[in-house]
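**Q** Following is a predicted model, sequence given first.
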Amino acid sequence: MEHLPYIFPKSPDPYLVALGSNKAQAALARLAHLNPLIDRINLLQDLIDSTETGITAFAGGGQTNATQLTATYNEVTVVASAGDSVKLLAAVEGLKQIVKNDGANNLAVFPATGDTIDDGTVNASITIAPGATVTFSAVDGTNWETSDKSISVGKTLFVDVTYGSNTTAKPYDPAYPYATIAAAVTAATSGDLIWVRPGTYPVSTNLLKEGVSFYCDKGVTITNTSNMFNADTTAGGTTLTLPFFFLGHAILTDANAGGGGFIQIRTNPNAFINAEFDSVTSSNISNAMVIRDGTFNLKVRGNFTSAGRSFNFRDTGNLFATIDGIVTCTFGNNANAVIYSSGMTWDGVASIKAKTFSVPAPTASQAVIWLDTVVNGKLTVDLDYYIDASAVTFPFINLAAGTTTCQTILNINFLNVGTRSLYSIADADHKLFINAPVVTSAGGTCSAGLVVLNGGQYVTTATFLTSGGISSFSNIGINGSAASVVPATISSGTLNLIGTVLTTDGTDESINQSGGTVVALASNGTTRASISAGIFTGTYLVNNTNTQQIAGPIVHIGEQLLTGAGAVDLTSATTRLVTTGADALTLANGTDGQEKYIFMDTFGGAGTLTPASSLGYTTITFGADGDSVLLQFNSAAGAWIIKGSFGAVIA
């Protein structure tokens, strides 16, 4: 192995002459020289990244004639009989030697004469089993300590497109790197790390290999023309049982013409692929990825741009993506969306975080988020903002039919979908939760399932229509953009308004109810709102002036997050449940007319609520995500009365 230049010039070295070619022993002798600090640094550098392979242990064992180990990484490949031996260097504080037994029998590792290992008897050996790797670290001038012997410490293969050569490359030697990533993958074995130096690297083969990981320096560009992470075992992909890591600062340019993009996981349940890039650009007009099984964990420090579907998950696939920049879907197609799962009964978990999404040239029926035929899938999307300047009217979120159970949560700071409707929900088993302070949209349609708009100011150019499902508007203000716009319409199903104000400057707004049920309408203070005469009946009083007071109970605002068992509070309008098992929940008596909305956010076990006083029931059990109940306290009855529920079991 060629040696890099020494950190300091060497002081005069008569020891190398006296001790012949044993460079390590000469370096030890130099420690007694008049320049010990300089010599000590040079000694440590002598051993940095040095590798020796193909070592044969001394047959018959013992310390005296044991094969001397002289490198940092030492691979013993021949251990003919149990107890055959090798020997460490003399201990010098700070030195490290790694020994891997690639032989067929137990290997005996001795210290140098007079030294100890792990505070054992002087000159005593330890045993390394076949296939195991042990790191020895010198803590002083006579003692070595070992790492956990069960931990496999791999080696590093280097790739350098400028200075490397696949012909002269030496595994684990930084001075002789490979020229291509594919050649390094071929040479690597489980536990190895492939370190890619700056340059542009064409990739046309699968990079996945069991137990092999990657690190890319800043300045690496990958130009991919294949499924570079092929974990689809039905299409020649790699079966993975160990986590795979592709880390560092690569820029990925993906031109794979196949339908799976740069990564595809299928029939590979233990696959756990972790990848990070500085940016990703995919020109595949179908998919940037297809995650049908296993788990893909993605981190992109910049933008993620795809022609086709940016994130496509199906079957039992799980996806966790954090994009620091913008996610863009450039190809206009009704079947494309930034987030897409369709037709494959998705039963997994996905969490996608980004600055924003962009669909710059959408077709007339192209959603941004599209889910259908989902079985127990759970999607969470976190965005800083979203602005849609197109003239498309198709829903921003399209939750289509064919679903058994689906929960979608959107958390966003500013949302303007322009002429699009905010959502369309067409299946009874879809549950959509939107948390946003500011929203502009052309209304939304809930023909089945549940939508919860929690907090914020909503500006709408069309109606929020409830026709068969449940719409729950909790502590939000809805503003129509013109006097002719009715901001909330209910033709069937249930409209649940909790602390919600319908208002437009100078113009009354109304709830247009031709059927169904308005569960609650309550607010504090002076508002502009009205209910179409003769349509709504109840205990609330509505005046006919522009400054109207809706008389009703005191409505609390805010939200309680209750994790595990405990008390549902009386100071928040909403309590969001995160259960951790079979959790017992309590609720004290409230004030007359007080309402409380309780829903299951994250199911970890059945949560059973037992109010202090109840009328017509004893317990309410929340058994799945989205289960909810609206309660009102009646002082005449001295009990909590159920005004509406979804999914919860009343007993």
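**A** That came through, no problem. Residues are numbered from 1 along each chain as shown.
**Q** Can you pull the domain assignment for the protein?
**A** Here the domain parsing of the chain from automatic domain parsing is 49-146, 559-650.
**Q** So which of those domains is nearest Met289?
**A** domain 559-650 (25.4 Å; Cβ to Cβ). The way it works is simple: take the backbone N, C-alpha and C, and place the C-beta from them, glycine included.
**Q** for the record, mean pLDDT for that closest one?
**A** For domain 559-650, mean pLDDT rounds to 90.
**Q** distance between that domain and the chain's centre?
**A** 31 Å (Cα atoms, centre = their mean, to the nearest Å).
**Q** What is the end-to-end distance of that domain?
**A** 23 Å (Cα to Cα, to the nearest Å).
**Q** Any regions of the chain where pLDDT drops low?
**A** For the chain, the stretches with pLDDT under 70 are 1-49, 148-154, 475, 477, 479-488, 497-558.
**Q** on that earlier part again, same list (the domains of the chain) but as CSV, adding mean neighbour count.
**A** Shown next, in CSV, are the domains of the chain (neighbours: other Cβ atoms under 10 Å):
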stretch, mean neighbour count
domain 49-146, 18
domain 559-650, 18
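**Q** what sits against Ile326?
**A** Going by Cβ atoms under 8 Å, 6 or more residues apart in numbering, Ile326 touches 303-305, 354-358.
**Q** Kindly provide the distance from it to Val338.
**A** Relative to Val338, Ile326 is positioned 10 Å away (Cβ to Cβ, to the nearest Å).
**Q** what residues are shared contacts of those two?
**A** The contact sets of Ile326 and Val338 overlap at Phe357 (Cβ under 8 Å, 6+ apart).
**Q** hang on, the earlier thing: reformat the domains of the chain as JSON lines; add distance to Phe331.
**A** Formatted as JSON lines, these follow (distance: least, Cβ to Cβ, whole Å):
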{"stretch": "domain 49-146", "distance to Phe331": "46"}
{"stretch": "domain 559-650", "distance to Phe331": "33"}
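**Q** Any idea which of those domains gets closest to Val392?
**A** Ranking the domains of the chain by proximity to Val392 (Cβ to Cβ) places domain 559-650 first, at 28.5 Å.
**Q** Gly294 is nearest to which of the domains of the chain?
**A** Nearest of those (Cβ to Cβ): domain 559-650, 22.4 Å.
**Q** sorry, back to before: considering the contacts of Ile326, which is situated nearest to Val185?
**A** Phe304 (24.9 Å).
**Q** how much space between that closest one and Ile222?
**A** Distance, Phe304 to Ile222, using Cβ to Cβ: 14 Å.
**Q** Comparing the two, which shows the higher neighbour count?
**A** Phe304 (27 against 23; other Cβ atoms under 10 Å).
**Q** Look up the residues forming beta bridges with the more buried one.
**A** Phe304 has these beta-bridge partners by DSSP bridges: Val280, Val327.
**Q** for the one 5 residues further on, same thing?
**A** Using DSSP bridges, the beta-bridge partners of Arg309 come out as Asn287.
**Q** Quick one: closest of the domains of the chain to Pro269.
**A** The nearest among these, by Cβ to Cβ, is domain 559-650 at 22.0 Å.
**Q** chain center to the lengthiest strand in the chain, what's the gap?
**A** When the chain is parsed with DSSP state E, its longest strand is strand 464-480. A distance of 31 Å separates the centroid of the chain from that of strand 464-480, by Cα atoms, centre = their mean.
**Q** Neighbouring strands - and their directions - for it?
**A** Under the rule (DSSP bridges), strand 464-480 has strand 444-446 (parallel), strand 450-460 (parallel), strand 488-498 (parallel), strand 501-502 (parallel) as partners.
**Q** Next, format those as JSON lines and append mean neighbour count and distance to Thr619.
**A** Formatted as JSON lines, those follow (neighbours: other Cβ atoms under 10 Å; distance: least, Cβ to Cβ, whole Å):
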{"stretch": "strand 444-446", "mean neighbour count": "26", "distance to Thr619": "29"}
{"stretch": "strand 450-460", "mean neighbour count": "22", "distance to Thr619": "22"}
{"stretch": "strand 488-498", "mean neighbour count": "22", "distance to Thr619": "22"}
{"stretch": "strand 501-502", "mean neighbour count": "26", "distance to Thr619": "34"}
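**Q** Switch those strands over to a markdown table, and while doing so, append distance to Ser310 to every line.
**A** As requested, the strands paired with strand 464-480 are exported to a markdown table (distance: least, Cβ to Cβ, whole Å):
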| stretch | distance to Ser310 |
| --- | --- |
| strand 444-446 | 23 |
| strand 450-460 | 24 |
| strand 488-498 | 33 |
| strand 501-502 | 36 |
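**Q** so which of those strands gets nearest Thr113?
**A** strand 450-460 (73.6 Å).
**Q** Residues touching that closest one, excluding its own?
**A** 423, 425, 430-444, 464, 469-481, 485, 487, 559, 574, 599, 626, 628, 646.
**Q** Would you mind checking those residues for buried ones?
**A** Neighbour-count burial (16 or more other Cβ atoms under 10 Å) is assigned, among the contacts of strand 450-460, to 423, 425, 430-436, 439-444, 464, 469-480, 485, 487, 559, 574, 599, 626, 628, 646.
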